[in-house]
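Peer 1: Attaching a predicted model along with its sequence, questions to come.
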Amino acid sequence: MSRREKSIVIALSVAIALTRLLALSHSLWDWDEGLFSTALHHYNVAAHHPHPPGFPLYIAVARFLRLFIHDDFRALRSVELIASFFVFPVMFALARAMKFPFAIALSAAFLLAFLPNVWFYGGTAFSDIFNLVLLLAGLAFLFEDRILLGTIFFALSLLVRPQNVLCAYPWFVAAWRVRRPRTIIAAMVIAIAIVGAGYGIAAYATGWQDFLGAVRGHGHYIATVDGFKNPNRESSLHFFPLFVIDPFEAGRTMIVVFSLAVLALVIPKKRDLDALATFGPMALFVMFMLNPTGASRLSLAYMPLHALLAADGIARIANGAGIVLRRPRAALVVQGIVVVAIVGKLIAWNLPALREVRRHDSPPVQAMKWVRENIPAGSTIFIDGGLGPQATLYLSSYDMHFVDGEDDLAKMPLLRNAWYVHDGPDREAPVVSFRRPLKRLYALFTRRNFSASVRRVAGTVHYLDGWYDEESNGQELWRWMGRRGRLELQPIATGGELRFSASVPITAEPAPQVTITIDGRPMESFVASTGSFSRRYTLAPSPSSHVVMLEVSGVVNPSRQHLSADARDLGLQISALSWQP
């Protein structure tokens, strides 16, 4: 490169590195981030601290930073942040090593740095950007035939993501071009030594048998639950648009990016085929083996393919424009305009999501902090398993019991001062709920933990006959019944209180008569003069379940009355219900 070109790369590297600060998450959010945080103090792969096979290099670097940063989440986040500073220059280096011209290499690095998932995950406590930078550095050295240095970085990336071995094509190309047996053997020994030492330490810290059992079990889980061996998983080819075209659902902009990438492959050059051979196997592995709800994060390892090919596709269009205008320099102007336009659209799409995670705690962390501020230490807290790692970090001073959802909670003894913390909205009342907006973040992030709720432990309510399935708009839950519906309430030894909020469709029919019967005894009968109402009843201790019958004198059928396509008879809608000591 010329001095001017070097100055451009350095200036852009610094400027783009500063934009990474906009993605710094205010708190941990996901289950995996909690597991990584726990691993900084209790490394045990068998206990999934962290997931098998253990991310030994990522944890080691985070533990080092933990000496200077006295917070687990921030130490992990710092590893990702520092790595994200190098996304642009390392991607540029890889493109140049693959013989892409300067302008195309610059465009590819620019595109990759501002892809929403690359930008977003650089401010989290995941390991993906750290892995990406190591992988790109190793590939860059390998394409330059610097096989020993390339092998070192490539092997280090395997200590974060073993599946990076699918990107080994450049290693074989470098070995073929070098053709020095001693160098090739030395590179192989280095790779085996690095990978063996890293995972050997992970196995030693965990226990050899436990480590091997955890790795086998996790591999089986991925294949049979996340992967194509799950009989309930849709066809992997069905996920092609999600995994390959637009993994974070940014819409038209990513369709344009993918179309430009396809354009580069219509009449491919060697550099395009090299890119496809390097990252294509990883894309296929992810599409066939991993969970589609995590497409945004799981696709990070092959996003460089999109950036490289799209940049080359843009150059093809720009060169055509230069020929038509008979001004070769116009091609660079067109190329710059197209790249800046695409990046500008991606930035505008991504900024609201980054603003939300930068300014606010995640719903699970808000729930944990609410517990610490409002419930005395030592109290009994039942934790839904989906929030286990977060609760372990925040609620260690409480008497915690982990349960697998409402059905498991129903088997626990009903304690007067026990609380339940779980992932998701809650129809019970009273309840404290925390939510994060779904728009953009829902596709950008793993699709979980967007809401969390805290409430006192209540008795289980079973919906018997007369009720339709539970419904939701993403923020609220409700359940309709027809003309009558029965509920069964779990016995509470000390007696309990039934509360509910309901509504009836009085706008379409004369005001209905509502009758409530408990254990065969009429409790109340009234004309619903307003659309919504609430009721509460205190019930005496009973060794057996209470049966509640709700009846209305009239129903609405939206289909027959040409109000909507809903053909159900709708009499009464429950929007909140609790049964507790």
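Peer 2: Thanks, I have the structure now.
Peer 1: Check the gap between Phe154 and Tyr169 for me.
Peer 2: Phe154 sits 11 Å away from Tyr169, going by CB to CB, to the nearest Å. C-beta coordinates here come from the backbone N, C-alpha and C atoms, glycine included.
Peer 1: Give me the more crowded residue out of these two.
Peer 2: Phe154 (28 against 19; other CB atoms under 10 Å).
Peer 1: who are the neighbours in contact with that one?
Peer 2: Going by CB atoms under 8 Å, 6 or more residues apart in numbering, Phe154 touches 134-135, 138-139, 142, 164, 168, 171, 191.
Peer 1: repeat that for 7 Å
Peer 2: When contacts are counted by CB atoms under 7 Å, 6 or more residues apart in numbering, Phe154 touches 138, 142, 171.
Peer 1: and these as JSON lines, adding secondary structure?
Peer 2: JSON lines is the format used below for the contacts of Phe154 (DSSP: H, G, I helix; E, B strand; the rest coil):
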{"residue": "Gly138", "secondary structure": "helix"}
{"residue": "Leu142", "secondary structure": "helix"}
{"residue": "Trp171", "secondary structure": "helix"}
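Peer 1: Kindly indicate which of those lies nearest Ile342.
Peer 2: Nearest to Ile342 among the contacts of Phe154 is Gly138, at 27.5 Å by CB to CB.
Peer 1: got the contact list for the closest one?
Peer 2: 150, 153-154, 157.
Peer 1: Can you get me a residue count around the nearest residue to Lys99 once chain neighbours are set aside?
Peer 2: Here the nearest residue to Lys99 in space, its sequence neighbours aside, is Arg271; by CB to CB, 6 or more residues apart in numbering that works out to 5.1 Å. Look at Arg271: counted by other CB under 10 Å, it has 21 neighbours.
Peer 1: helix, strand or coil for Arg271?
Peer 2: helix.
Peer 1: Also Phe533?
Peer 2: Phe533 - assigned by three-state DSSP - is strand.
Peer 1: Is it in contact with Ala502, as I believe?
Peer 2: Yes: in this structure, Phe533 is within contact of Ala502 by CB atoms under 7 Å, at 6.3 Å.
Peer 1: These two: which has the busier surroundings?
Peer 2: The neighbour comparison of Phe533 against Ala502 (other CB under 10 Å) goes to Ala502, with 23 against 14.
Peer 1: Can you verify that one is assigned to a helix?
Peer 2: No: Ala502 is assigned strand when assessed by three-state DSSP, not a helix.
Peer 1: What distance do you get for it to Leu237?
Peer 2: Separation of Ala502 from Leu237 (CB to CB): 46 Å.
Peer 1: Same question for Ala205.
Peer 2: For Ala205, the distance to Leu237 - CB to CB - is 40 Å.
Peer 1: likewise Ser525?
Peer 2: 58 Å.
Peer 1: ok, now Trp29?
Peer 2: In this structure, Trp29 and Leu237 are 31 Å apart, going by CB to CB.
Peer 1: Next: Val215.
Peer 2: According to CB to CB, Val215 and Leu237 sit 29 Å apart.
Peer 1: neighbour count winner among those two?
Peer 2: Val215 (21 against 9).
Peer 1: Quick one: mean pLDDT over the host helix or strand of the more buried one.
Peer 2: Secondary structure assigned from DSSP states H and E places Val215 in helix 208-221. Regarding helix 208-221, the rounded mean pLDDT is 93.
Peer 1: Could you give me the buried positions within that helix?
Peer 2: 211-212, 214-215 (16 or more other CB atoms under 10 Å).
Peer 1: just the strands in the stretch 401-550 of the chain please.
Peer 2: In the stretch 401-550 of the chain, the strands defined using DSSP state E, counting those that start in this stretch lie at 419-423, 432-435, 451-456, 461-463, 471-472, 477-481, 484-489, 496-503, 513-518, 521-527, 532-539, 546-552.
Peer 1: Point out the other elements, helices or strands, that the third one touches.
Peer 2: Right, strand 451-456. Under the contact definition 3 or more CB pairs under 7 Å, 6 or more residues apart in numbering; DSSP states H and E, strand 451-456 sits against helix 363-374, strand 419-423, strand 432-435.
Peer 1: Deepest in the core, which of these is it.
Peer 2: strand 419-423 (a mean of 22; mean count of other CB atoms under 10 Å).
Peer 1: in this protein, which segments are predicted with low confidence?
Peer 2: Residues of the chain that meet the criterion pLDDT under 70 lie in 410-411, 413-416, 427-430, 474-475, 507-509.
Peer 1: Against Leu76, how distant is the residue sitting nearest the centre point of it?
Peer 2: Nearest to the mean C-alpha position of the chain, counting by CA atoms, centre = their mean, stands Thr446 at 1.4 Å. Noted for Thr446: a distance of 16 Å to Leu76, by CB to CB.
Peer 1: can you list the domain ranges for the chain.
Peer 2: By the record's domain assignment, the chain is partitioned as 3-359, 363-456, 461-580 (automatic domain parsing).
Peer 1: Span of the longest one from start to end?
Peer 2: Domain 3-359 has an end-to-end distance of 40 Å (criterion: CA to CA, to the nearest Å).
Peer 1: Equivalent analysis for the second one, please.
Peer 2: Its start and end residues considered, domain 363-456 measures 18 Å (CA to CA).
Peer 1: for that domain, the distance to its chain's centre please.
Peer 2: Offset of domain 363-456 from its chain centre (CA atoms, centre = their mean, to the nearest Å): 18 Å.
Peer 1: From Gly123, how far out is the nearest residue to Ser451 once chain neighbours are set aside?
Peer 2: Spatial nearest neighbour of Ser451, chain neighbours left out: Arg435 (4.5 Å); criterion: CB to CB, 6+ apart. Going from Arg435 to Gly123 by CB to CB gives 21 Å.
Peer 1: about what we covered before: minimum distance to Ile222: which of the helices and strands packed on strand 451-456 has it?
Peer 2: Nearest to Ile222, of the helices and strands packed on strand 451-456 and by CB to CB, is strand 419-423 at 21.8 Å.
Peer 1: could you list every residue that touches Pro522?
Peer 2: By CB under 7 Å, 6+ apart, the contact list for Pro522 reads Thr515.
Peer 1: Then Gly150?
Peer 2: Gly150 touches 138, 141-142, 174, counting by CB under 7 Å, 6+ apart.
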